[in-house]
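Undergrad: sequence below, structure please.
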Amino acid sequence: MLRSWPTAGFSRTASGVRPLWAEFGREYIAGDFTIADTITGHAVIMSRRLGADFGNFPNLSAYADRLEARPAFKAAEAA
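TA: Got it, this is the predicted structure:
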């Protein structure tokens, strides 16, 4: 059984990186999709699936949406 997501811890962590995230202004971390997006994307998507509230982080939520919309993601999830 999964314990409830520690939202307070997530909020503190996400608040710390919010200024950095806002500066990206790109679709992916390095501009083009790279291994950095694979690693970061996994953490972001799993956090969201486990109940993290991204309501105060629209850029982070949009990033996860872009990753999940990639054809390779869809193919891997369907496998």
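Undergrad: and the gap between the nearest residue to Glu68 once chain neighbours are set aside and Tyr63?
TA: Closest residue in space to Glu68, ignoring its immediate chain neighbours: Ile45 at 6.6 Å, by C-beta to C-beta, 6 or more residues apart in numbering. For glycine as for every other residue, the C-beta is placed from the backbone atoms N, C-alpha and C. Relative to Tyr63, Ile45 is positioned 9 Å away (criterion: C-beta to C-beta, to the nearest Å).
Undergrad: neighbour count: these two, which is higher?
TA: Neighbour tally, Ile45 and Tyr63, criterion other C-beta atoms under 10 Å: the higher count belongs to Tyr63, 23 against 16.
Undergrad: doesn't the more buried one fall inside a helix?
TA: Yes - assigned with DSSP: H, G, I helix; E, B strand; the rest coil, Tyr63 falls within a helix.
Undergrad: spatially nearest residue to it (excluding sequence neighbours)?
TA: Across the structure, with C-beta to C-beta, 6+ apart as the measure, the residue nearest Tyr63 apart from its sequence neighbours is Val44 (6.5 Å).
Undergrad: what about the one you found, which SS state?
TA: Following three-state DSSP, the label given to Val44 is helix.
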